[in-house]
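Student: Sequence and predicted model, in that order:
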Amino acid sequence: MSNDGLTLDTFLPYRLSYTASVLSERIARAYRTMFDLSIPEWRVMAHVAERPGISQQDIGDRTRMDKVMVSRAAKALAGKGLLDRAASGQDRRALRLRLSPAGRSLFDRIAPEALRLEAQVIASLSPTEIRQLRDMLGRIDAATLALSTDAKP
């Protein structure tokens, strides 16, 4: 059936969301099975590994996760002995996060697996296509962030 209007299979926001969901589900299953981590826990861990001392607020801003999800993931990681949380010197309410030695060890085991999973996903793309995809995603991010949120009648 032909439709000149909205068709979800070709509607970019839907396709990006669908692809991200499928990918996240597959990766979540692997991380849960191999490392007993949820996707939010993995995202927090990865950001802390990349930026020791990062705040929960900064992680939320970088991941687009809400502050409750970031807080729960950080608490779960701390409860597993993988993350150290300390109040910031300037703002006692802002928690600064660092991987514990056990967290660093686990991250060092997870990172190669994450790269292996990524390689499987992008195996059908050429190096040029991978660079183009990353460039396009960056441009889509920038254009999306620049969108006006004013409703039009």
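Tutor: Alright, I've got the coordinates. Keep in mind that this is a model prediction, so the values were computed, not measured.

Student: would you say D4 is within a strand?
Tutor: No: counting by DSSP: H, G, I helix; E, B strand; the rest coil, D4 is located in no strand; its state is coil.

Student: could we number from 345 for the rest of this?
Tutor: With 345 as the first residue, the last one maps to D348.

Student: mind checking how far it is from F355?
Tutor: 13 Å (CB to CB, to the nearest Å). From N, CA and C alone the C-beta is placed, and that goes for glycine too.

Student: neighbour count winner among these two?
Tutor: Using other CB atoms under 10 Å as the criterion, D348 and F355 rank with F355 on top: 12 against 5.

Student: Please enumerate the strands of this protein.
Tutor: Taking DSSP state E, the strands of the chain run over residues 398-399, 427-431, 439-443.

Student: Comparing those, which comes out most buried?
Tutor: Most buried of these, by mean neighbour count (mean count of other CB atoms under 10 Å): strand 439-443, with a mean of 20.

Student: Alpha carbons only: can I get that one in CSV?
Tutor: What follows is strand 439-443, C-alpha atoms only, in CSV (Å, rounded to 0.1, in the frame of the first residue of the first chain):
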residue,chain,number,x,y,z
LEU,A,439,29.0,13.0,43.9
ARG,A,440,32.3,12.4,42.1
LEU,A,441,32.7,8.9,40.8
ARG,A,442,35.8,6.7,40.4
LEU,A,443,36.2,3.0,39.6
